[in-house]
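In: fold the following.
(3 chains)
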Amino acid sequence: MPTPTISTDEVIIILERIRARHPLVHCLTNHVVKNFTANVLLALGAAPAMVEHAEEAAEFAAMADALLVNVGTLDEPQITAIRRAIPSANQAHKPWVLDPVAVGPLTVRTKFAHEIVALRPTLIRGNASEIIALAGQTGRGRGVDSGDAAEAALTAARHLAKQSGGAVLVTGPIDYATNGSEIVACANGLPLMTRVTGVGCAQGAVAAACAAVADSPLAAAVAAATLMGVAGDLAAHISIRPGSFATALLDALDQLDAATLRREAKLS
Amino acid sequence: MPTPTISTDEVIIILERIRARHPLVHCLTNHVVKNFTANVLLALGAAPAMVEHAEEAAEFAAMADALLVNVGTLDEPQITAIRRAIPSANQAHKPWVLDPVAVGPLTVRTKFAHEIVALRPTLIRGNASEIIALAGQTGRGRGVDSGDAAEAALTAARHLAKQSGGAVLVTGPIDYATNGSEIVACANGLPLMTRVTGVGCAQGAVAAACAAVADSPLAAAVAAATLMGVAGDLAAHISIRPGSFATALLDALDQLDAATLRREAKLS
Amino acid sequence: MPTPTISTDEVIIILERIRARHPLVHCLTNHVVKNFTANVLLALGAAPAMVEHAEEAAEFAAMADALLVNVGTLDEPQITAIRRAIPSANQAHKPWVLDPVAVGPLTVRTKFAHEIVALRPTLIRGNASEIIALAGQTGRGRGVDSGDAAEAALTAARHLAKQSGGAVLVTGPIDYATNGSEIVACANGLPLMTRVTGVGCAQGAVAAACAAVADSPLAAAVAAATLMGVAGDLAAHISIRPGSFATALLDALDQLDAATLRREAKLS
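Out: Presented below is the predicted three-dimensional model:
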């Protein structure tokens, strides 16, 4: 494998900073995954907070260390809150992550995602269909599943990364992170992770935690892919049934350390 | 036991179709159970999606394979979304399931449930009190618990099934499914299942997944009762404490197969 | 240790009453913890219900045995619902618990918490920063974490308890319960509990269940601290990883009995 631009050592430094600094991640995310997202952040060593009133969301986006915007169950009050939180985070120079869940087939969120992507997210995380749709191309998404291979979305991802000046993480059997010029592939993780709701959405929150402490958006994207992927690989050694796998995944995030990452990370 | 109208073999065919087709279930459900409902559907082999903006809910109800309407934490935006989603599902000939949580003692949801039951749900799933109240009779419900024996609700259930042209599943120590004329009883499941929040609500989502692939509403109702009931029976072999039982229930849904269903199903 | 005003025997009586009466707890709480809160109440033997439409919330607050108000993800519809539910509970002489999550740094909830604390909660549960801020002093809260030692908040807690005529539970490494004059300390529980989202919020719901059956607000506060704390201590014997610890905590709540409480409770 070629030497990746972002090395496992940089992922380890990001993990150690998360454990030392406990970055506070403001999550404006969907109803289905709020609990699991908070538990993933806590297991990793970050601090979650969901503050949803528009007025408070604006206040809090400036106080927190990073902001996650996930449009999975977007409704009008959340649109209002997101419209106030992003500029607040931007003004306070806090990173923010966009997870364009199911953008493409659904009109309200697609239009809204196009609106906010112009506010230059530090990091965008989505499956191939979502990234293609966000870049204004036509995907084949069906609900939250991706109908397009991650590889096929790389052109769209590079375009988005150049436009935003940040990084894009395209998830799939192999995750690809790009800052528009460089590309890093992460081969950790397994299909079982898609059988627990919110693993992908929680990865968006992890990406926000990483962005709060990383030296670059690309490093944050690679770290998010690697940390969740390696934790998933470890958890699958405990159980391949989805209920106990979900529990094992949280335990594995807590258990991650430098030695494990050096042994397990598959970056190229 | 008399031979039931719907056999275990038909339940097995429904499970196999879910595993093969991954029906996409649009869940307009309550806040408490969204995560668990999604995990139950994924464990069984179906695909969950919660799309809640009224405009998108209408769009998505036509795209998804089935719709679940659960009024457990009904609020005004959800009323609006449901009012748009049901006609959209009906027009696209997609099945929809009504779970009238706590209908009876609470006025807003009771009035609303009476309004939407006229839109002819494919399947109604509720405890005895809820079914009695939905049929316009007086139940003895107290919150989400049922004060009436499932048996006592059978008259109401047959009435509702005839009215809607679909099926009704009355849950209790024994679950009863009826299409207005035939009745099938399922003796699987155990009281422990009521000590994990959302097991009943998730059964409504399972019923929607079943309705997406079943040959009749009655078969879907029987399958929902049997799949959840047998999974509960299996999980209780792993643990009778509620935390680990909930995990084991998800694992058991993943593990269900023809041989297990043939051995464990208690239909009559 | 000095003999506490509320003894372990009184905590045991409260637990036994919860198991016998299954108090119905109406939870107006935050989105992140609804599922876990419901599961904690069920594991303990109480009955949860989340009824959120303002009109129904008012109806239901009079029907339920206790009300929990947690402002963690406060939004305008919830403000409206809480404004109607509290007077309804008060009029029906039902106890209600206030959990002022993140009150202090965030303006909307802080103003609202000051408004409703005047409606005399039976019990207030919060960390040191929240209790200090609720009493109108200046805390050092950062999101949902407490920057102030529980001990430092005792003056504020006594003030609030006198004002409301109820009890205040200040949580931290040691939990302190006060009715304004007496103080009881509970040394059960461990830092691991803060690494599972919603343990603190669920303790508020447990406090409401306890208040529904206790002889005094102080006894309910001590019971809530002891029941959650001892369950946490037991669960940590099963696992110190956050995913499996959360599961074990629910199992432990189910398993709590008089002998265990007598052996493990650390009241003074």
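In: how about the residue in chain A positioned nearest to chain B: what's its closest non-neighbour residue?
Out: Distance from chain B to each residue of chain A (CB to the nearest CB) is smallest for A:Gly243, at 2.9 Å. No exception for glycine: its C-beta is placed from N, CA and C like everyone else's. Spatially, and ignoring its direct neighbours in sequence, A:Gly243 is nearest to B:Leu250 (2.9 Å; CB to CB, 6 or more residues apart in numbering or on different chains).
In: that neighbour belongs to a helix?
Out: Yes. Assessed by DSSP: H, G, I helix; E, B strand; the rest coil, B:Leu250 belongs to a helix.
In: pLDDT score for it?
Out: pLDDT for B:Leu250: 98.
In: surely it is in contact with A:Thr247?
Out: No. Taking CB atoms under 8 Å as the definition, B:Leu250 is not a contact partner of A:Thr247, at 9.7 Å.
In: so who does the residue nearest to A:Gly243 touch?
Out: B:Leu250 makes contacts with A:Arg241, A:Pro242, A:Gly243, A:Ser244, A:Ala246, B:Asn39, B:Val40, B:Ala43, as judged by CB atoms under 8 Å, 6 or more residues apart in numbering or on different chains.
In: do the same with A:Ala224
Out: A:Ala224 is in contact with A:Leu123, A:Arg125, A:Leu169, A:Gln203, A:Gly204, A:Val206, A:Ala207, A:Cys210, counting by CB under 8 Å, 6+ apart.
In: looking at the residues you listed, which one is closest to chain C?
Out: A:Val206 (14.6 Å).
In: take the contacts of B:Leu250 and lay them out in JSON lines including secondary structure.
Out: Listed next are these as JSON lines, based on three-state DSSP:
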{"residue": "A:Arg241", "secondary structure": "coil"}
{"residue": "A:Pro242", "secondary structure": "helix"}
{"residue": "A:Gly243", "secondary structure": "helix"}
{"residue": "A:Ser244", "secondary structure": "helix"}
{"residue": "A:Ala246", "secondary structure": "helix"}
{"residue": "B:Asn39", "secondary structure": "helix"}
{"residue": "B:Val40", "secondary structure": "helix"}
{"residue": "B:Ala43", "secondary structure": "helix"}
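In: just flag the most distant two among those.
Out: Longest distance between any two of those is 14.5 Å, between A:Ser244 and B:Val40; criterion CB to CB.
In: quick one: which of those two has more around it?
Out: B:Val40 (29 against 22; other CB atoms under 10 Å in any protein chain shown).
In: returning to what we had before: I'd like the distance between the residue nearest to A:Gly243 and B:Leu134.
Out: 29 Å (CB to CB, to the nearest Å).
In: point out where chain A drops to low pLDDT.
Out: Residue ranges of chain A with pLDDT under 70: A:1-2, A:137-148, A:150.
In: get me the contact residues on it for chain C.
Out: Neighbours of chain C within chain A, by CB under 8 Å from any CB of the partner chain: A:24, A:31, A:34-35, A:38-39, A:42-43, A:47-53, A:55-56, A:59-60, A:63-64, A:77, A:246-251, A:254-255.
In: of the contacts of A:Ala224, which belong to helices?
Out: A:Gln203, A:Gly204, A:Val206, A:Ala207, A:Cys210 (DSSP state H).
In: in contact with the first one, which residues?
Out: Translated: A:Gln203. By CB under 8 Å, 6+ apart, the neighbours of A:Gln203 are A:Arg125, A:Leu169, A:Thr171, A:Ala224, A:Ala225, A:Met228.
In: can I get the residues you listed in TSV including distance to A:Pro191?
Out: As requested, the contacts of A:Gln203 are arranged in TSV below (distance: CB to CB, whole Å):
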residue	distance to A:Pro191
A:Arg125	18
A:Leu169	18
A:Thr171	12
A:Ala224	19
A:Ala225	15
A:Met228	14
